[in-house]
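In: predicted model and sequence follow; I will ask about them next.
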Amino acid sequence: MDWKVKGDGIFILCIVCFVCVTSIVSVDVLVESPKPARVGESVTLKCSLQTPNLKVKQVTWKKFSKKGVTQVATYTAILGALVSSEYEKVLNITVKSLQATAITIWKTKASDDGTYQCIFNVFAHGAIVRNISVSLYEPIKGSLQKYNESADAFLAKCVTTGWPSPDISWIGVGSGHTNGSYSETINETATFTNWILVKKLPKSNLMEQLECRVHHLGYETIYKMPKQPHAKSGLQPIIIALIVGLVLLVIGVVAAVVCRSRRRSSQHLSH
């Protein structure tokens, strides 16, 4: 009985020692993050184990977003490469092995920007996790427009498209005006709208003074209100008609003088 107890104790001790030894061994993973890329270009993310003799059961890729964590793709020796339905048309596992892995995102969108994880599920070690960041950009395009106007105020919107979201400030109208912003994605294009409700002041033209200053990727762009066309006066057609009539009159007089001069010259030669 004593030998059985001792034998069980030794067996448990061996298991504990094995777990401790395998957990102490550090696992080295080489991570290759892609360079910042323009939206529409392809990016490749790579992870590779540098520690030899590890029994990897599965490799998994995940992505973090505002909605949570999404499993992007997996690879096993038995099932091979599997890409989730959400990504199967835009992403491939381009390096398929249990020791090294890579995924390529084709024709990136702004929504592909963010943090990804490569996960090696290793026997006796558990999950070996490393983070990789994808940084995307798209040059900003924008405009400043007036949308509503009343006797005492007007609403202006500065609408920009691009990535990442820009920093926008209002200049030229002072403080105390209500303003806000919102963003949306239209046809895979990120659109950012900043608005301001400007209270009019007597004897001031705040609409012409208003500026939307956009800071994006180290550059500043200033948008102003498009100049309003001046109202045409009702006298302009009359003035144009008078000028045309006067020109025609002058031409007629000159033509008559020339003809009369030629007749006189002809009569003089005949005599």
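Out: Arrived safely, thanks for sending. These figures come from a predicted structure and were not determined experimentally.

In: touching, residue 188 and residue 108? I think so.
Out: No. Between residue 188 and residue 108 there is no contact under CB atoms under 8 Å: 10.0 Å. Where you see a C-beta, it was placed from the backbone N, CA and C, and this is true even at glycine.

In: so which of these two has more stuff around it?
Out: residue 108 (22 against 11; other CB atoms under 10 Å).

In: and that one, what element?
Out: Here residue 108 sits in a region with no helix or strand, counting by DSSP states H and E.

In: can you give me the distance of it to residue 85?
Out: Per CB to CB, to the nearest Å, residue 108 is found 19 Å from residue 85.

In: same check on residue 121?
Out: From residue 121 to residue 85 the distance is 22 Å (CB to CB).

In: equivalent analysis for residue 71, please.
Out: From residue 71 to residue 85 the distance is 11 Å (CB to CB).

In: tell me which of these two has more neighbours.
Out: Legend: neighbour count by other CB under 10 Å for residue 71 and residue 85, higher for residue 71 (16 against 6).

In: which secondary element of the chain has the worst mean pLDDT?
Out: helix 2-24 (a mean of 44; mean pLDDT, DSSP states H and E).

In: what average pLDDT does the helix or strand following it get?
Out: Per DSSP H and E, the first helix or strand lying C-terminal to helix 2-24 is strand 29-32. Mean per-residue pLDDT for strand 29-32: 93.

In: cool, stretch 127-142 as well?
Out: pLDDT averaged over stretch 127-142 gives 95.

In: what distance separates that stretch from the centre of its chain?
Out: 11 Å (CA atoms, centre = their mean, to the nearest Å).

In: residues of it that come out buried?
Out: 128, 132, 134, 136, 137, 138, 140, 142 (16 or more other CB atoms under 10 Å).

In: next, the distance between the ends of stretch 99-108.
Out: Chord length of stretch 99-108, first to last residue, is 26 Å (CA to CA, to the nearest Å).

In: please compute how far that stretch lies from its chain's middle.
Out: 21 Å.

In: also stretch 197-204?
Out: Per CA atoms, centre = their mean, the centroid offset for stretch 197-204 relative to its chain is 34 Å.

In: in that stretch, what's buried?
Out: For stretch 197-204, by 16+ other CB under 10 Å, it's residue 198.

In: again with stretch 85-104
Out: Buried positions in stretch 85-104, judged by neighbour count with 16+ other CB under 10 Å: 87, 91, 92, 93, 95, 98, 100, 101, 102, 103, 104.

In: mind checking the longest strand of the chain?
Out: strand 136-149 (DSSP state E).

In: which parts of the helix or strand just after that one are buried?
Out: Next helix or strand after strand 136-149 toward the C-terminus (DSSP H and E): strand 153-163. By neighbour count on 16+ other CB under 10 Å, the buried set for strand 153-163 is 154, 156, 157, 158, 159, 160, 161, 162, 163.

In: with pLDDT added, can I get those in JSON lines?
Out: Formatted as JSON lines, the buried residues of strand 153-163 follow (pLDDT from 0 to 100):
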{"residue": "154", "pLDDT": "92"}
{"residue": "156", "pLDDT": "94"}
{"residue": "157", "pLDDT": "95"}
{"residue": "158", "pLDDT": "96"}
{"residue": "159", "pLDDT": "96"}
{"residue": "160", "pLDDT": "96"}
{"residue": "161", "pLDDT": "94"}
{"residue": "162", "pLDDT": "93"}
{"residue": "163", "pLDDT": "94"}
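
In: export the residues you listed to JSON lines and tack on distance to residue 51?
Out: Formatted as JSON lines, these follow (distance: CB to CB, whole Å):
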{"residue": "154", "distance to residue 51": "65"}
{"residue": "156", "distance to residue 51": "59"}
{"residue": "157", "distance to residue 51": "55"}
{"residue": "158", "distance to residue 51": "52"}
{"residue": "159", "distance to residue 51": "51"}
{"residue": "160", "distance to residue 51": "47"}
{"residue": "161", "distance to residue 51": "45"}
{"residue": "162", "distance to residue 51": "42"}
{"residue": "163", "distance to residue 51": "37"}
